[in-house]
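Visitor: just a sequence and a predicted model for now, questions to come.
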Amino acid sequence: MASASAPTTLSLLPSSSSSSSSSSTRTRSSVLVHLPSSGLRSVGIRRLGFSAADPVFASHVASKHHSSGKAVRGVVSMAKKSVGDLSAADLKGKKVFVRADLNVPLDDSQNITDDTRIRAAIPTIKHLIDNGAKVILSSHLGRPKGVTPKFSLAPLVPRLSELLGIQVLKADDCIGPEVEKLVASLPEGGVLLLENVRFYKEEEKNEPEFAKKLASLADLFVNDAFGTAHRAHASTEGVTKFLKPSVAGFLLQKELDYLVGAVSTPKRPFAAIVGGSKVSSKIGVIESLLEKCDILLLGGGMIFTFYKAQGLSVGSSLVEEDKLGLATSLLEKAKAKGVSLLLPTDVVIADKFSPDANSKIVPASAIPDGWMGLDIGPDSIKTFSDALETTQTVIWNGPMGVFEFDKFAVGTEAIAKKLAELSNKKVTTIIGGGDSVAAVEKVGVAEAMSHISTGGGASLELLEGKVLPGVLALDEAVPITV
Ligand SMILES: Nc1ncnc2c1ncn2[C@@H]1O[C@H](COP(=O)(O)OP(=O)(O)OP(=O)(O)O)[C@@H](O)[C@H]1O
Ligand SMILES: O=C(O)[C@H](O)COP(=O)(O)O
């Protein structure tokens, strides 16, 4: 990855000047940068893939060190310590509290319908087991209000045990004397799955007393719950106040590598594809990506707000009337920044919002009254595919149409297939969570992609440049001069 190279940019702090005559010292997971004018003060994260010049990276740093969100002078370290930085001696016989995001979908019979998040959590747990740690595994499932049997983590035990090759034990609670007894009898290399942390309202309220009780079970903390890293909850953020070290797991690290690292220092040309229903839910992502990408392809329901802003008739397509000005300003911003922003030139329209609606393909400028656009058309698929053919990095967030209806899934599926094809040609392809992941899986090309995020809301917030509290709270890597 581009981000794994030595740092070339030092403009981390808005107020600092960059320097070409800097020297650097390395840690196992980070690079320290000495700025001649102000001494040691900025750190690029090598393995976690941040570039010091990236606004997302800078915002993580800024918010950590200044409540106003502005970066402050004198910041020394921002690299997050990883579980890979801990030695075998650090782990052997230690009780490790691992927060994973095992929030998987279950059907009415409590069968797991998609085990992606369980599989993604395995490398960290396996590493801990192999190093003789005692793993206390914690997660939420759903959004229960109090103890709710259908949100128990019990159905996950067989799959976890199968993937880890050991019998995972299960506690009926996540704190209390019974849990303490089970922890005390846990052998080295054993795994105890705690019950859903959200059965306690204190979890989402991030109550320190509850966090302290969770923390009291263990000697150290590993956060691998990327999908929940945008939540400042007791088991993601609160426990870090009571457990040292508190480090990132391998999944969290990989998500940051791609969603921050590969996006902030991409192999170019860098294209972003943004779809989904509404422009209002993607403003932050579009604005953030406009700062970084060379090509921006827009699809999904949001395009009709852009068309209308340009004076086109859109029939009964989805339009956000109060975002017409915003759409115009985004188009102007793209132009000013030299970003090639492409809107679909033809659309598939329907006479009603239904899987069995009558449909036809029309130019984007010829949507009749009473018809609504539900997918991008064949000419647009061709134009988008040709544009993508030139790229080295592509990130995709949001479907091109109403892909839940087969008739209007063609554009989304074509983009998924195109990205799989590019991935096979060594283009970095990143799928940013949510419905685009579901689309890629539906087409059966998930394996081909460079990275598929396990986080919906978390990936969106990260792409928008927001700070993830679950990441910020982790220990910073200790620099070692070489
Ligand atoms: N032309 C369209 N008209 C109406 N709805 C559309 C259109 N195109 C796509 N959609 C709908 O947009 C929804 C996805 O939008 P959303 O903004 O939630 O995207 P997402 O980024 O994939 O989701 P998430 O926020 O979970 O990551 C899908 O349910 C899809 O049917
Ligand atoms: O599914 C998700 O996006 C995560 O598990 C977070 O769940 P939440 O939105 O209920 O916090």
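Guide: Good, I have the coordinates. Residues are numbered from 1 along each chain as shown. Ligands and ions are numbered 1, 2, ... in the order given.
Visitor: report the contact partners of the residue in the stretch 251-400 of the chain that ligand 1 sits nearest to.
Guide: Using CB to the nearest ligand atom, the single residue of the stretch 251-400 of the chain nearest to ligand 1 is G276, 2.7 Å away. C-betas here are computed from N, CA, C, even on glycine. Residues near G276 by CB atoms under 8 Å, 6 or more residues apart in numbering: K282, G300, G301, M302, N397, G398, P399, G434, D435.
Visitor: please flag which of those sit within helices.
Guide: D435 (DSSP state H).
Visitor: turn the contacts of G276 into TSV, including distance to ligand 2.
Guide: Formatted as TSV, those follow (distance: CB to the nearest ligand atom, whole Å):
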residue	distance to ligand 2
K282	17
G300	20
G301	21
M302	21
N397	14
G398	15
P399	17
G434	8
D435	12
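Visitor: tell me the average confidence for stretch 396-413?
Guide: Averaged across stretch 396-413, the pLDDT comes to 96.
Visitor: for it, measure first residue to last.
Guide: From its first residue to its last, stretch 396-413 covers 13 Å (CA to CA, to the nearest Å).
Visitor: that stretch: which residues count as buried?
Guide: For stretch 396-413, a neighbour-count test (16 or more other CB atoms under 10 Å) marks 396-403, 405, 407-413 as buried.
Visitor: gap between it and the chain center?
Guide: Remark: stretch 396-413 is offset 21 Å from the chain centroid, using CA atoms, centre = their mean, to the nearest Å.
Visitor: what residues does the stretch 351-482 of the chain put near ligand 1?
Guide: Taking CB under 6 Å from any ligand atom, the part of the stretch 351-482 of the chain that reaches ligand 1 is made up of 373-374, 397-399, 401-402, 404, 433-436, 456, 460.
Visitor: which of those lies closest to P469?
Guide: Ranked by distance to P469 (CB to CB), these are led by L460 at 15.1 Å.
Visitor: can you pull the contacts of the closest residue to K95 other than its chain neighbours?
Guide: Among residues not flanking K95 along the chain, A218 sits closest, at 4.3 Å (CB to CB, 6 or more residues apart in numbering). Residues counted as contacts of A218 (CB under 8 Å, 6+ apart) are K94, K95, V96, F97, I136, V183, L243.
Visitor: same thing with L289?
Guide: Taking CB under 8 Å, 6+ apart, we find L289 in contact with V263, A272, V274, L296, I395, L463.
Visitor: for the fifth one, list the residues it contacts.
Guide: It refers to I395. By CB under 8 Å, 6+ apart, I395 lies in contact with A262, V263, F270, A271, A272, I273, L289, C293, I430, I431, G432, L463.
Visitor: how about the second one?
Guide: Contact partners of A272, counting by CB under 8 Å, 6+ apart, are L289, K292, C293, I295, L296, L297, V394, I395, W396, N397.
Visitor: so which residues on the stretch 101-250 of the chain come close to ligand 2?
Guide: Counting by CB under 6 Å from any ligand atom, the residues of the stretch 101-250 of the chain close to ligand 2 are D101, N103, R143, G227, T228, R231.
Visitor: I figured A229 hits L472, correct?
Guide: No: using CB atoms under 8 Å, A229 is not in contact with L472, being 9.1 Å away.
Visitor: which of these two has more neighbours?
Guide: Neighbours were counted for A229 and for L472 using other CB atoms under 10 Å; A229 has more, 30 against 18.
Visitor: report the secondary structure state of whatever residue of the stretch 51-200 of the chain ends up closest to ligand 2.
Guide: Nearest residue of the stretch 51-200 of the chain to ligand 2 (CB to the nearest ligand atom) works out as N103 at 3.5 Å. When classified by DSSP: H, G, I helix; E, B strand; the rest coil, N103 comes out as coil.
Visitor: give me the distance between the residue of the stretch 251-400 of the chain closest to ligand 1 and L318.
Guide: 11 Å (CB to CB, to the nearest Å).
Visitor: ditto for S152
Guide: To L318, S152 is 38 Å away according to CB to CB.
Visitor: which residue, other than its chain neighbours, is closest to L156?
Guide: In this structure, L156 finds its nearest non-sequential neighbour in L102, 5.7 Å apart by CB to CB, 6+ apart.
Visitor: can you read off the pLDDT for that neighbour?
Guide: Reported pLDDT at L102 in the predicted model: 98.
Visitor: count the neighbours of the residue in the chain that ligand 1 sits nearest to for me.
Guide: Residue nearest to ligand 1 within the chain (CB to the nearest ligand atom): G434, separated by 1.8 Å. Residues lying near G434 (other CB under 10 Å) number 18.
Visitor: ok, it touching E461?
Guide: No: contact criterion CB under 8 Å: G434 and E461 do not qualify, at 11.8 Å.
Visitor: which residues of the stretch 201-350 of the chain fall in helices?
Guide: For the stretch 201-350 of the chain, applying DSSP state H, counting those that start in this stretch gives helices covering 201-205, 208-215, 250-256, 263-264, 283-290, 303-309, 324-337.
Visitor: mean pLDDT lowest where, among the ones you listed?
Guide: Mean pLDDT per stretch puts helix 263-264 lowest among those, at a mean of 89.
Visitor: which elements pack onto that one?
Guide: helix 55-65 (3 or more CB pairs under 8 Å, 6 or more residues apart in numbering; DSSP states H and E).
Visitor: re earlier: please identify the most buried of the helices of the stretch 201-350 of the chain.
Guide: Among these, the stretch with the highest mean neighbour count (mean count of other CB atoms under 10 Å) is helix 250-256, at a mean of 26.
Visitor: what does that one contact?
Guide: Helix 250-256 has contacts (CB under 8 Å, 6+ apart) with 45, 47-50, 82-84, 100, 120-121, 123-124, 127, 223-226, 229, 248, 451, 453-455, 458-459, 462, 470-471.
Visitor: of the residues you listed, grab the buried ones for ChimeraX.
Guide: Per 16+ other CB under 10 Å, the buried members of the contacts of helix 250-256 correspond to this ChimeraX selection:
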select :45,47,48,49,50,82,83,100,120,121,123,124,127,223,224,225,226,229,248,451,453,454,455,458,459,462,470,471
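Visitor: below-threshold pLDDT in the protein: ranges please.
Guide: Filtered on pLDDT under 70, the chain yields the residue ranges 1-78, 478-482.
Visitor: pretty sure I361 belongs to a strand, no?
Guide: Yes: counting by three-state DSSP, I361 is found in a strand.
Visitor: give the contact list for the closest residue in space to it that isn't next to it in sequence.
Guide: The shortest distance from I361 to any non-neighbouring residue, by CB to CB, 6+ apart, is to G377 (4.7 Å). Going by CB under 8 Å, 6+ apart, G377 touches P344, T345, D346, V347, V348, I361, V362, G411.
Visitor: number of nearby residues for the residue nearest to A350 when sequence neighbours are not counted?
Guide: Computed as CB to CB, 6+ apart, the closest residue to A350 that is not its neighbour in sequence is A357, at 3.7 Å. A357: 18 surrounding residues under other CB under 10 Å.
Visitor: so how far is G261 from A357?
Guide: According to CB to CB, A357 stands 42 Å off from G261.
Visitor: for L214, see how far away L220 is.
Guide: Computed as CB to CB, the L220 to L214 distance reads 13 Å.
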